[in-house]
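Q: Please find the sequence and the predicted model below.
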Amino acid sequence: MEQYKDYMLRAVAAEAQIRAFAVTARDLTETARRAHNTSPIATAALGRAMSGALMMAEMLKGPRDLLTLQIDGDGPLQGLVVTADNHGHVKGYVRNPAVILPPNASGHLNVGGAIGKGTLTVIRDMNLKDPYIGQIPLVTGEIAEDLTAYYAQSEQIPSAVGLGVLMNKENTVRRAGGFVVQLMPFAEETVIARLEENIRKISSVTSILEEENTPEHLLKTVLAGFDVQITSEEDVSFSCNCSKERFERGLLLLGKEELESIIREGKEIDLTCQFCSSTYRFSLEEIRGILEKISTSS
């Protein structure tokens, strides 16, 4: 049986003229698929976005910083939301998990068609008064090209992003992961030319992962011909920090009148987390307790 774990590498190459990230994300993408019961296209979109978010979040500095990718499209998927921190944790959901479309012209899952035209929003919450928000129009909806365009347009960083998800026939995840490579301002023309040639030779991320399912192999392929120094390695996982206590705080925000209305209806309520599909049940007794907290504090 194949021994496997999801993990991410950070590296530099060409005497630090290039910085690079690579991640394998099969297990965390499969965890998300089971949590949301996503179709193959929805799984591919979510898996690509989670891999991208993990690598982008690794660039954050503060231990409590968060990065959120929000894609809004006019296609049947409607969009998705993914949040990651720089400790290897990611969570996310698609708005319509049951989307099914014919393959695209290349015979692959038509993620771009499922997302359609729209916007990519990147939110970096660095625990300041306001988060940093960057937004661009979607280029293809295939996610990797959109993140590449985001770095070029919003941050003026020449980058190449590759993302992929490969499904088994029974709709489980076979491979998932990706890479991000970025050129430093002092990169020499010879370095740029060689890197561009390497990128042109890549047919797909999943074909590389089929050869060897490791971030090391992704980096070796993308950075062929360069001296590569791995600077960090980190396990990554699908992880949601929802809890019944968090949902209770949300109920407190409903206010006295709304809670009294729920009690009058005489029914327990179930609240479901969008990110992981965990459900929390609140009995009438618990709702009365929440109402009492409001009455006591007012």
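A: On my side now, so go ahead.

Q: the helices in the stretch 151-298 of the chain, which residues?
A: 189-201, 205-211, 215-222, 244-252, 256-265, 284-297 (DSSP state H, counting those that start in this stretch).

Q: Is it possible to get CSV of those that adds mean neighbour count and distance to residue 107?
A: For the C-beta atoms, the positions are set from N, CA and C on the backbone; glycine is no exception. Formatted as CSV, the helices of the stretch 151-298 of the chain follow (neighbours: other CB atoms under 10 Å; distance: least, CB to CB, whole Å):
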stretch, mean neighbour count, distance to residue 107
helix 189-201, 13, 20
helix 205-211, 19, 13
helix 215-222, 21, 22
helix 244-252, 14, 43
helix 256-265, 12, 51
helix 284-297, 13, 52
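
Q: With mean pLDDT and distance to residue 142 as extra columns, can I get these in a markdown table?
A: A markdown table is the format used below for the helices of the stretch 151-298 of the chain (pLDDT from 0 to 100; distance: least, CB to CB, whole Å):
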| stretch | mean pLDDT | distance to residue 142 |
| --- | --- | --- |
| helix 189-201 | 96 | 15 |
| helix 205-211 | 96 | 12 |
| helix 215-222 | 97 | 18 |
| helix 244-252 | 92 | 34 |
| helix 256-265 | 91 | 42 |
| helix 284-297 | 87 | 44 |
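
Q: For residue 91, which of these is the nearest?
A: Smallest distance to residue 91 across those (CB to CB): 13.2 Å, for helix 244-252.

Q: Show me what the closest one is packed against.
A: strand 269-272, strand 279-282, helix 284-297 (3 or more CB pairs under 8 Å, 6 or more residues apart in numbering; DSSP states H and E).

Q: Check the secondary structure at residue 43 for me.
A: helix (DSSP: H, G, I helix; E, B strand; the rest coil).

Q: OK, contacts around it?
A: By CB atoms under 8 Å, 6 or more residues apart in numbering, the residues touching residue 43 are 29, 32-33, 165, 167, 171, 173.

Q: Could you pick out the buried ones from the residues you listed?
A: Those of the contacts of residue 43 that meet the buried threshold are 29, 32-33, 165, 167, 173, by 16 or more other CB atoms under 10 Å.

Q: Residue 133: helix or strand, and which one exactly?
A: If you go by DSSP states H and E, residue 133 is part of strand 132-137.

Q: Quick check, pLDDT for residue 253.
A: Here the pLDDT value assigned to residue 253 is 88.
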